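J.: can't give you the sequence, but here's the structure:
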């Protein structure tokens, strides 16, 4: 009888409900001191002088780090996920409001904060640029004067920055003949959609503790990428990675904000300078200038035949990357791949640009790059259907990718489920039924759908997993996947148990320690569960191979005669030399009468052989490759697929959008843990509705004006519709590939809500969030509420004549 | 900065603690840094997110906005006082049964707010749960299962 209270899952759950999770925030060490950043008030300025003398004299201050500390060449003063363009503290200039200029270390956080205000920095203000399109204009202020041959860029970074511009990367897809495709179309619709910069708002802020002991550095950090941090920090100090150890327990949320390297290099440099352990904890306001989501503008144009067949789609995307490149170059690539949507389109042109500006750094954010383009193409697809006079669901069904179809990258798709996911969402919101009546006369009701395709990220990528079996009977799943709330420790224990055919409660999952847990690309991009499942199977096979060798030696039989069944290592054909007592007592005699049949449990075999432990190693790697000039090739190992449906009521007097119903359907492949899988969908729904209705970082020039959770609104329980439903679509094959769910559903939600608002109001709002002010101004600029579009089964209404029925399209 | 210190007797989780705190020190800082109750966590620092919720005489307060000196002569309850692994409170058990958390940074605050709700209204409806818990934010978005957890606790405590 399995004991669910003995599992890793239950153990973690107990700690969570008792508030006993050992977050990095809790790390406390003898002689610990506290750091505080000095930040730029300017968006773009040359630094003339940094004077730390007043700060240094304050009682309790241990040290102040300025650019002078980075100038002797002993350390590499830059880091960065692709281009090493981010200084540990600003060197020649500051590039965004909130850029780090210096850092103070003091005995208490209060003294550090007081001293930070005493650091005097003299600036010469420079012209700044905040918009990605403006930043690409000739003569725009340059955020970095030189990029190539100035910063370190690994040869396989997959990006092509251009010196003398603000361009980090220009990603292209060229398929078919876009001009001919548009020319042959009966209707061409052209629109622009945009979505703002957001903040991840993990409730646990970025926090890092760094401690040097002799020449060994230990870092406790809230990071999604421990091995990446280890490498980058080792690069800073020009030491072998073995000298840096990164320890990660559970994160209090990440959603992309804790990917790559954030505050770890600064904390490590401060610890080196002070000779004491240093804790660097960001305030909520600092979070807003440390990591953001890419603001994006998407210009999209689609040509269709009168019968509703899509002929051509052209998309231009500008991702505002902020002051440092981080992963923006490859984010543009991912967004470009996803920009056409899950449709069969013979003629495609995509141009995705990642552009430096004087805004805070934009980094990976749940739904990586795809939520920006999905907001555009799913609203746009809806709009194209309406202009054709077709039901939006029927129009989508006519064009959705199916089994064996060719995607815009030229790759053939299999395991394709868009049509049933869309059907499921439509049925769940009662799409075929009459619209519910509004609750008040000033309100209108509408419903909408969205369906999306998303790559599995971080390609190419590798995960290594180890299974260690000790002679005392312990089994450990060793992985550097980080528990961020997704339940990775549950998944690891369950899947290693599954691969070994042993009970789940036998498997323990230690926290990440880069000295002990094997290399992993990082916990991001909805890839960890899938990669670990695949690696676990290889590692279990390695364990069995080692056990067979060992058993062959101990039992004096050929390895091929050894059978491993769950925990039991046996020699079914007989002939095994029996182990001596007392270990022989562990020898199990099943039905077989002949001596030498039966077997030993794995750990008993280790004891008998005098081997304290064995470790099986499994790796899993995916390879992709796209031609940089055509975007043709392979973009993902498999594809994430989702659809959403929403019913809204909009108050035409106040502009408030009430979400009455929300449904989210994702393709899950095989579900490893139902509760955790559902939680991922529910989390995607919460993020999605929050983005559709509330979230936006507001800027005054380069200054964030709402860097707190009062003025920056995230969805609360009351915003989440009571009528929420979700579908985890599973394959009938019990060994089907697991599909990551961390981000899969999110990009479908905002366009479903946007399309529902369009349906209710009869006017398209191309920018999220759909806050009352924006809704009201759209209502004021629109004609009275028109008749709803035709529903399925009502047939296609006559094709509109030129100039009719448009909302500003071509 | 000159700071005035006070010696406080705080009643925390049923035990008396004598602490020397600065007058401007928050209850959050006193509980976390001096008593070591790490279930009490700052999220927003301005009383919006509920991650630092503790019960003061049974009523939820944001400990980031409460000065430690204001908590003297009141009974303070943190989730450690509700139950620890091996001896969990039915509400905590209900959160496990219904998986009402992901990263769990917000979980102690939710559980304590739910405790106050159930003490006040043992048969709270779903709408009452949603209303009462709307001052606690879960960025992971576990709301569906948090409501289910509280519902489960209600039916367990009733039986």
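T.: Perfect, thanks for sending it. None of these values were measured; they are calculated from a predicted model. Residues are numbered from 1 along each chain as shown, chains lettered A, B, ... in the order given.
J.: only C-alpha atoms for contact and neighbour calcs from this point on.
T.: OK.
J.: which residues of chain B fall in strands?
T.: B:5-12, B:15-22, B:53-56, B:59-62, B:75-77 (DSSP state E).
J.: save these as TSV, and put in mean neighbour count, distance to residue A:54 and mean pLDDT too.
T.: Written out in TSV, the entries for the strands of chain B read as follows (neighbours: other CA atoms under 10 Å in any protein chain shown; distance: least, CA to CA, whole Å; pLDDT from 0 to 100):
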stretch	mean neighbour count	distance to residue A:54	mean pLDDT
strand B:5-12	17	27	95
strand B:15-22	14	25	96
strand B:53-56	26	38	98
strand B:59-62	21	36	98
strand B:75-77	21	41	98
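J.: now those in a markdown table, with distance to residue A:706?
T.: A markdown table is the format used below for the strands of chain B (distance: least, CA to CA, whole Å):
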| stretch | distance to residue A:706 |
| --- | --- |
| strand B:5-12 | 34 |
| strand B:15-22 | 30 |
| strand B:53-56 | 23 |
| strand B:59-62 | 21 |
| strand B:75-77 | 33 |
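J.: among the ones you listed, which comes closest to residue A:545?
T.: Relative to residue A:545, the nearest member of these by CA to CA is strand B:53-56, separated by 52.5 Å.
J.: any bit of that closest one sitting next to chain A?
T.: No. Residues of strand B:53-56 are not located near chain A by CA under 8 Å from any CA of the partner chain, the shortest gap being 12.1 Å.
J.: gap between the helix or strand in which residue A:642 is found and the chain center?
T.: Secondary structure here is read from DSSP states H and E; on that basis residue A:642 sits in strand A:639-651. Chain-centre distance of strand A:639-651: 20 Å, with CA atoms, centre = their mean, to the nearest Å.
J.: for that strand, name the packing helices and strands.
T.: If you count contacts as 3 or more CA pairs under 8 Å, 6 or more residues apart in numbering or on different chains; DSSP states H and E, strand A:639-651 packs onto helix A:418-428, strand A:443-455, strand A:657-669, helix A:749-761.
J.: now check the last one, is it near chain B?
T.: It refers to helix A:749-761. No. Using CA under 8 Å from any CA, helix A:749-761 stays clear of chain B, with a minimum separation of 13.8 Å.
J.: for the very next helix or strand once past that helix, the averaged confidence score.
T.: Where DSSP H and E defines the elements, the next helix or strand beyond helix A:749-761 is helix A:772-780. The predicted model gives helix A:772-780 an average pLDDT of 96.
J.: picking that back up, what's the most buried one of the helices and strands packed on strand A:639-651?
T.: Of all the helices and strands packed on strand A:639-651, helix A:749-761 carries the top mean neighbour count, a mean of 30, counting by mean count of other CA atoms under 10 Å in any protein chain shown.
J.: any idea which of the helices and strands packed on strand A:639-651 gets closest to residue A:642?
T.: Distances from residue A:642 to each of those were compared using CA to CA; the shortest belongs to strand A:657-669, at 4.3 Å.
J.: parallel or antiparallel, list what pairs with the closest one.
T.: strand A:639-651 (antiparallel), strand A:723-730 (parallel) (DSSP bridges).
J.: how far out from the middle of the chain is the shortest one?
T.: Translated: strand A:723-730. Centroid separation between strand A:723-730 and its chain, computed with CA atoms, centre = their mean, is 21 Å.
J.: contacts for stretch A:302-310 next, please.
T.: Taking contacts as CA atoms under 8 Å, 6 or more residues apart in numbering or on different chains, the residues outside stretch A:302-310 that touch it are A:181-182, A:184-190, A:311-314, A:344-345, A:384-385, A:388, A:390, A:395, A:398-399, A:799.
J.: among those, which are in strands?
T.: Applying DSSP E to those, the entries found in strands are A:187, A:188, A:189, A:190, A:311, A:312, A:313, A:314.
J.: helix/strand/coil for the residue lying closest to the fourth one once chain neighbours are set aside?
T.: The reference is to residue A:190. Counting by CA to CA, 6 or more residues apart in numbering or on different chains, residue A:301 is the residue found nearest to residue A:190 once chain neighbours are left out, at 4.1 Å. When the structure is reduced to helix, strand and coil (DSSP: H, G, I helix; E, B strand; the rest coil), residue A:301 reads as strand.
J.: my read: residue A:301 touches residue A:189, true?
T.: Yes. Residue A:301 is within contact range of residue A:189, at 5.5 Å (criterion: CA atoms under 8 Å).
J.: for residue A:74, grab the count of nearby residues.
T.: Residue A:74: 11 surrounding residues under other CA atoms under 10 Å in any protein chain shown.
J.: over to residue A:208: give its phi and psi.
T.: Phi and psi for residue A:208, reported as degrees, to the nearest 10, are phi -140, psi 140.
J.: partners of it in the sheet?
T.: In this entry, residue A:208 is beta-bridged to residue A:221, residue A:280, by DSSP bridges.
J.: circling back to that earlier point, so in terms of bridging, what pairs with the residue nearest to residue A:190?
T.: With DSSP bridges applied, residue A:301 shows beta-bridge pairing to residue A:190, residue A:314.
J.: how close does it sit to chain B?
T.: Noted for residue A:301: a distance of 34 Å to chain B, by CA to the nearest CA, to the nearest Å.
J.: quick one: residues contacting residue 108.
T.: Defaulting to chain A. Residue A:108 makes contact with A:33, A:34, A:60, according to CA under 8 Å, 6+ apart.
J.: correction: the question concerned chain B.
T.: Applying CA under 8 Å, 6+ apart, one finds that residue B:108 lies in contact with A:17, A:18, A:19, B:39, B:40, B:51, B:53, B:78, B:79.
J.: 10 Å instead?
T.: For residue B:108, the set of contacting residues under the criterion of CA atoms under 10 Å, 6 or more residues apart in numbering or on different chains consists of A:16-20, B:39-41, B:50-54, B:78-80, B:82, B:92, B:114.
J.: and residue A:31, how many neighbours?
T.: 10.
J.: wait, it touches residue A:107, no?
T.: Yes. Here residue A:31 lies in contact with residue A:107, judged by CA atoms under 10 Å, at a distance of 8.6 Å.
J.: which among the contacts of residue A:108 end up buried?
T.: Neighbour-count burial (16 or more other CA atoms under 10 Å in any protein chain shown) is assigned, among the contacts of residue A:108, to A:33, A:34, A:60.
J.: how close does the first one sit to residue A:66?
T.: Right, residue A:33. Applying CA to CA, to the nearest Å, the value for residue A:33 to residue A:66 is 18 Å.
J.: so the residue nearest to residue A:190 touches residue A:347, yeah?
T.: No. Between residue A:301 and residue A:347 there is no contact, the gap being 11.7 Å when judged by CA under 10 Å.
J.: find residues that contact each of these two.
T.: Between them, residue A:301 and residue A:347 have A:182, A:312, A:313, A:314 as joint contacts when contacts are counted by CA under 10 Å, 6+ apart.
J.: OK, contacts around the last one?
T.: In this case it means residue A:314. Contacts of residue A:314 were listed using CA under 10 Å, 6+ apart, and they are A:173-174, A:178-179, A:182, A:190, A:299-303, A:339-340, A:347-351.
J.: cool, the second one as well?
T.: Residue A:312 sits next to A:175-185, A:188, A:301-305, A:340, A:344-349 when contact means CA under 10 Å, 6+ apart.
J.: please, a PyMOL command that selects the buried ones among those?
T.: Of those, the buried ones can be selected in PyMOL as follows, counting by 16+ other CA under 10 Å:
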select buried, chain A and resi 175+178+181+182+185+188+301+302+303+304+305+340+344+345+346+347+348+349
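J.: take the contacts of residue A:312 and keep only those in helices.
T.: With helices identified by DSSP state H, the entries of those that belong to them are A:178, A:179, A:180, A:181, A:182, A:183.
J.: which of those residues sits closest to chain B?
T.: Minimum distance to chain B across the ones in helices among the contacts of residue A:312 is 41.2 Å, recorded for residue A:178 (CA to the nearest CA).
J.: and the helices in chain B?
T.: Secondary structure of chain B, counting by DSSP H: helices at B:27-29, B:79-82, B:90-97, B:107-120, B:126-132, B:143-158.
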